[in-house]
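Asker: Attaching a predicted model along with its sequence, questions to come.
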Amino acid sequence: MYRTGYVGVLGKPNAGKSTLVNALVGEKVAIVSSKPQTTRDNIIGIMNGENYQVILVDTPGIHHSKNKLDKYMMKNVRSAIGGVDEIIYLIDGSKQSDQEEKEYIEKLKSGETPVLIVKTKIDKPNKFDGPYDYQISSLTGEGVAALKERLIDDMPESEIKNFIYDSDYYTDKSIKFLIAESLREECLNFFREEVPHGIAIDITRFDEKSEITIIEADIICEHLRHKGIIIGKGGVNLKEIGRRTRCYAEEVLGQKVLLKLFVKVEEGWRDNQAQLRNLGYKDVKR
Ligand SMILES: Nc1nc2c(ncn2[C@@H]2O[C@H](COP(=O)(O)OP(=O)(O)OP(=O)(O)O)[C@@H](O)[C@H]2O)c(=O)[nH]1
Ligand SMILES: [Mg+2]
C-alpha cells in the first residue's frame, strides 16, 4: 500500500513553519529568519519514502493585511487550506496564545480538513497553556519523527503508486527561485527594522553555461535611504550578501557562479499590483 497526500502548514508569522518543513524534508526548502512574515509564497517541501509521498505546503504566517503583498500572502494561506488532506497548525510554545488565535483555530477545526495542533520551540521555556496534539522542537529534532509518522499515517491510502512528484524532487520550486529566496534570506538576516520587509528580489539574468552560471539580480527596496543601507560603506554590505548568496548558488548548481547585484528603489511596490506581478507575486493558483 502507498500513502500520498498534501499537508498544509499554518500558523502565525515566526511560529517556525518553514523551519519545521525543512526539518521534515531534510533539505533546505524554505528560507527562515527571526523576523515575522518571512515566507511570502506557498512553498512545497516533499517527504519521500518507499511507500509514501507527503507534500508539505509551507504558507505565509497568518496576519492582518495592510497592503497588497499581505493580501497576496493571505490568499496563499486560504488556497492551502482548500487543497490539502490535513492541516498542521503551529504554535510557538514560548509565547502566549491570544484570543484571536484561539478563535482562528476553532474556525479551522470546524472546517472539513482534519487539523493537528503542534506546539513548537519546546527547547525554550513554555508559555502556551492551550491544548495541543504534538509537541516538537525543530532545532533539537525532539518530537519531529513522531509527527512525521503521524502525517504519513494520515495520508490517503492507495494500492497503486500514485506519487505526484518524481521521488528525486524535494520541492516544486526552480533553482532560480531558491537562489532568489536565498538572497532575500541573506537580506532579512543582515538588515534590521523596516528594511527587510520592503525587499524583493528580481533575477534579471540566469545564464547556465558549461563552466559557469552568470546571475544578475536586482534587490528592490522601498526608499532611497534603504538603498544606502543595503549597499553599505564602500559597498561592504552588498559585497558580503553577494558572497554568501554566491556560495549557496554554487552549492545548488554544482558549478562556479558569477553573481552581480544591483539595488533599485521602487517606492510603494508592496501596494502596486503591476509591480507585484512583475516581481513574481502573481495571482494564486488553486
Ligand atoms: N528555539 C527554537 N527556535 C525555532 C524553532 N523553530 C523555529 N525557530 C526559530 O524561529 C524563527 C522563525 O522561524 P521560521 O521557520 O522562519 O518561522 P515561520 O513560521 O516560517 O515564519 P513566517 O514565514 O514569517 O511566517 C527563526 O529564528 C527560527 O530559527 C524551534 O523549534 N526552537
Ligand atoms: Mg516561513
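Answerer: Done, it's in. Numbers count the residues shown, from 1 in each chain. Ligands and ions are numbered 1, 2, ... in the order given.

Asker: Just the C-alpha atoms of stretch 25-36, please, in PDB.
Answerer: Extracted C-alpha coordinates of stretch 25-36, given in PDB (Å, rounded to 0.1, in the frame of the first residue of the first chain):
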ATOM      1  CA  VAL A  25      12.100  17.200   4.400                       C
ATOM      2  CA  GLY A  26      15.700  17.100   5.400                       C
ATOM      3  CA  GLU A  27      16.600  19.700   2.900                       C
ATOM      4  CA  LYS A  28      16.500  23.500   2.900                       C
ATOM      5  CA  VAL A  29      13.300  24.200   1.000                       C
ATOM      6  CA  ALA A  30      12.100  27.400   2.600                       C
ATOM      7  CA  ILE A  31      14.100  30.400   4.000                       C
ATOM      8  CA  VAL A  32      14.000  31.100   7.700                       C
ATOM      9  CA  SER A  33      14.600  34.300   9.700                       C
ATOM     10  CA  SER A  34      13.900  35.700  13.100                       C
ATOM     11  CA  LYS A  35      11.700  38.300  11.600                       C
ATOM     12  CA  PRO A  36       8.000  37.700  11.100                       C
END
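
Asker: Now tell me what touches that stretch from outside.
Answerer: 12-14, 17-19, 21-22, 38-39, 43-47, 56, 58, 61, 63, 170-171, 173, 181-182, 184-185, 188-189, 196-197 (Cβ atoms under 8 Å, 6 or more residues apart in numbering). Every residue, glycine included, has its C-beta placed from N, CA and C.

Asker: Report the rounded mean pLDDT for it.
Answerer: Average pLDDT, stretch 25-36: 94.

Asker: now stretch 278-286
Answerer: For stretch 278-286, the mean pLDDT works out to 73.

Asker: now the contacts of stretch 25-36: which count as buried?
Answerer: 12-14, 17-19, 21-22, 38-39, 43-47, 56, 58, 61, 170-171, 173, 181-182, 184-185, 188-189, 196-197 (16 or more other Cβ atoms under 10 Å).

Asker: which of these are close to ligand 2?
Answerer: Checking these against ligand 2 by Cβ under 5 Å from the ion, the ones in range are 17, 18, 38, 39.
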